[in-house]
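Enquirer: need coordinates for the below:
(one chain, ligands or ions: 2)
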Amino acid sequence: MSFELITIPCLSDNYAFLAHDAADGKTLLVDVPEAAPISEALYKKGWRLTDILLTHHHQDHVDGLAELLKSHPARVIGAKADQNRLPPLDEAVVEGDIITVGSNNGLVIDVSGHTIGHIAIHFSNSKLLFTADSLMALGCGRLFEGDPDQMWGSLSKLATLDPDTIVCSGHEYTAANGRFAITIEPKNSALQNRIREIAKKRSRNIPTVPSTLREELETNPFLRPDSTEARHNLGMRNNTDAEVFAEIRRRKDNF
Ligand code: FE
Ligand code: ZN
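Expert: Ligands and ions are numbered 1, 2, ... in the order given. This is a model prediction of the structure:
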């Protein structure tokens, strides 16, 4: 059975996600910024937590784990590459591994760039992709550890998935990302429309996450280094996609 998804705002701008398979009574949590809102969501839904996936080691994605496990024991899954700096794992995974939650099989994808060892997981039957701080709504994570080539390689893998895939990313940064994106492609009408939708949602305190991969492919500058308009504006008509991506990332860092 496909997952039912809920998005849980945590801390000031983080998101955690619960994916529940009703037929098998399994519930997966992706990232644990803090325990309280997650416990509350589980309680309200009457779901029993069975699995926890940690996307990367940053505190705002793992800090609530110890407290949550006290009341909600579950299998903890994370990247083998990050085992030395993640909380204790029950299962350490590498790219290509499959994480099974009820009848849902999630493919582990290495999306290093923001950190080395950051993973995403793709549940194709539910069309859900958990990306945390790799591909984000209208953006991508800052390159704390990896280089632009590596992040471009990571995003390129995600870009090949079904455009109907729902992208569950880690932060509410979308409005600020939009202010930057429009400087790269001011004439992109899909981007203009999306920025209007984001403003409407945020004025009512509605999350802009998750998004669809289709929206990201049409509007996210970090997936669009092949855009004629972007290349023209950057003066990079003859560069590689990786070079254009690197320039867009550099500009965002200085924006
Ligand atoms: Fe992070
Ligand atoms: Zn984060």
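
Enquirer: name the residues of stretch 174-188 that come out as buried.
Expert: 174-178, 180-182, 184-185, 188 (16 or more other C-beta atoms under 10 Å). The C-beta positions use only the backbone N, C-alpha and C, and glycine is treated the same way.

Enquirer: distance between it and the chain's centre?
Expert: What separates the centre of stretch 174-188 from the centre of its chain is 19 Å, taken as C-alpha atoms, centre = their mean, to the nearest Å.

Enquirer: what mean pLDDT does that stretch get?
Expert: Confidence for stretch 174-188, expressed as mean pLDDT, is 98.

Enquirer: Thr50 contacts Val101, doesn't it?
Expert: Yes. Thr50 is within contact range of Val101, at 7.1 Å (criterion: C-beta atoms under 8 Å).

Enquirer: and for these two, which residues touch both?
Expert: 26, 28 (C-beta atoms under 8 Å, 6 or more residues apart in numbering).

Enquirer: more neighbours: the two, which one.
Expert: When neighbours are counted by other C-beta atoms under 10 Å, Thr50 and Val101 differ, and Val101 comes out ahead with 23 against 19.

Enquirer: OK, contacts around the more buried one?
Expert: Here Val101 is in contact with 3, 19, 21, 24, 26, 28, 50-51, 123 (C-beta under 8 Å, 6+ apart).

Enquirer: His61 too?
Expert: Each residue near His61 by C-beta under 8 Å, 6+ apart is listed here: 14, 31-33, 54-55, 132-133, 170.

Enquirer: so which of those residues are in strands?
Expert: 14, 132 (DSSP state E).

Enquirer: got CSV for the contacts of His61, with pLDDT too?
Expert: Listed next are the contacts of His61 as CSV, based on pLDDT from 0 to 100:
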residue, pLDDT
Asn14, 98
Asp31, 99
Val32, 98
Pro33, 98
Leu54, 98
Thr55, 98
Ala132, 98
Asp133, 98
Gly170, 98
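
Enquirer: neighbour count and distance to Asp226 added to the contacts of His61, as a markdown table?
Expert: Shown next, in a markdown table, are those (neighbours: other C-beta atoms under 10 Å; distance: C-beta to C-beta, whole Å):
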| residue | neighbour count | distance to Asp226 |
| --- | --- | --- |
| Asn14 | 23 | 31 |
| Asp31 | 28 | 31 |
| Val32 | 26 | 36 |
| Pro33 | 25 | 34 |
| Leu54 | 23 | 33 |
| Thr55 | 28 | 27 |
| Ala132 | 31 | 25 |
| Asp133 | 27 | 23 |
| Gly170 | 29 | 26 |
